[in-house]
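*Asks:* Sequence first, predicted model second:
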Amino acid sequence: MRVGAYVDGLNVYYGGRALCGRNEDGWRWLNLAALTQRLVHRNRAWSAAGAAVSRIVYCTAIVSGQSDPGARIRQQTYLNALRASGGVDIELGAFMTRKVRGIETADGRHAEIETLEEKGSDVNVAAHLLIDLHTQQIDAAVLITNDSDLRLPARHARRHIPVGTVNPRGTPTAGGLRGDRDEGPGGHWWYRLTADDLRACQLPAIVDGHRRPKGW
C-alpha cells in the first residue's frame, strides 16, 4: 500500500508554534519521513494493509527575512537538510506583498499597511495530490493541513483512495476537511497533531553538513 504524504509547510510551522511554544526549541527541525510513518502506523487498518510512505511532498514558501534576516538562512538550512535526508520533494510558493487599509487616524484618513501573504502552497498541495492519484502513483494519501481551501481536492481524493487528514494546528479540524469515514473505498481517518508528535520526530542535529539552527 503506497502512501503519498502532502504537507502544507506553513500550516505545520504555525501549528507547531502553537502546540510547542514560539520560543521553545525541539520541534522545528522536523523529520517529515519519521512523522508521516508515525501517523500511518497509528492506524491499525493501514498498518495491516502494509502501508508505507513512498512519497512526501513538502509545500512551503521562502520567508522574506525583512523583520528577521536570519529567518531566511535558518529556513534554507532546514530545506537543505530535508533534501539531503532523502525522500522529500519540496515545492515552493511565494510571499506576496499586499496593501491593506489600516485604522483611521486622528485626521480621518486611513493609513495603508503592507502585509505579506503566502501564495501557492495550498494549490501545490492539491496539484501534487491529484496528479499522484490520477497517475496511480499512490494507493492512499496523508494530507497534513487544516486549510479549508483544500476541501474539494480532499473530498475528490476520498472518492478514490483512503485518505488520512492530519490537522497540525491543535484546533478543531476545518469543517471543509471533515467527511465520511466510509466514503468511496472507505478507510479514511482524521487526526490532530500533538506536541509529542513533533518533538519525537526530529532530524539528527547535523544532516550531511547542514546543522540544526540554534533554538530549533
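*Replies:* Thanks, I have it. Numbers count the residues shown, from 1 in each chain.
*Asks:* Tell me the buried residues in the longest helix belonging to the chain?
*Replies:* Secondary structure of the chain per DSSP state H: the longest helix is helix 69-85. Buried residues in helix 69-85, defined by neighbour count with 16 or more other CB atoms under 10 Å: R74, Q75, T77, Y78, L79, A81, L82, R83, S85. Every C-beta, even on glycine, is put in place using the N, C-alpha and C of the backbone.
*Asks:* Could you identify the helix or strand that succeeds that helix?
*Replies:* Next along the chain after helix 69-85, taking DSSP states H and E as the criterion, comes strand 88-92.
*Asks:* what's that following strand packed up against?
*Replies:* strand 52-60, helix 69-85, helix 121-134 (3 or more CB pairs under 8 Å, 6 or more residues apart in numbering; DSSP states H and E).
*Asks:* could you dump those to CSV with mean pLDDT and distance to D25?
*Replies:* Formatted as CSV, the helices and strands packed on strand 88-92 follow (pLDDT from 0 to 100; distance: least, CB to CB, whole Å):
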stretch, mean pLDDT, distance to D25
strand 52-60, 97, 20
helix 69-85, 95, 12
helix 121-134, 96, 25
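*Asks:* Can you say which of the ones you listed is nearest to C20?
*Replies:* Among those, the nearest to C20 by CB to CB is helix 69-85 (15.6 Å).
*Asks:* how about the CA coordinates for that closest one, as PDB?
*Replies:* Extracted in PDB, the C-alpha atoms of helix 69-85 (Å, rounded to 0.1, in the frame of the first residue of the first chain):
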ATOM      1  CA  PRO A  69      17.300  38.400   8.400                       C
ATOM      2  CA  GLY A  70      18.400  35.200  10.000                       C
ATOM      3  CA  ALA A  71      15.000  33.600   9.400                       C
ATOM      4  CA  ARG A  72      15.600  33.100   5.700                       C
ATOM      5  CA  ILE A  73      19.000  31.500   6.400                       C
ATOM      6  CA  ARG A  74      17.600  29.100   9.000                       C
ATOM      7  CA  GLN A  75      14.700  28.100   6.700                       C
ATOM      8  CA  GLN A  76      17.100  27.400   3.900                       C
ATOM      9  CA  THR A  77      19.300  25.300   6.100                       C
ATOM     10  CA  TYR A  78      16.200  23.200   7.000                       C
ATOM     11  CA  LEU A  79      15.200  22.800   3.400                       C
ATOM     12  CA  ASN A  80      18.800  21.700   2.500                       C
ATOM     13  CA  ALA A  81      18.700  19.200   5.400                       C
ATOM     14  CA  LEU A  82      15.300  17.800   4.100                       C
ATOM     15  CA  ARG A  83      16.700  17.400   0.600                       C
ATOM     16  CA  ALA A  84      19.900  15.700   2.000                       C
ATOM     17  CA  SER A  85      17.800  13.400   4.200                       C
END
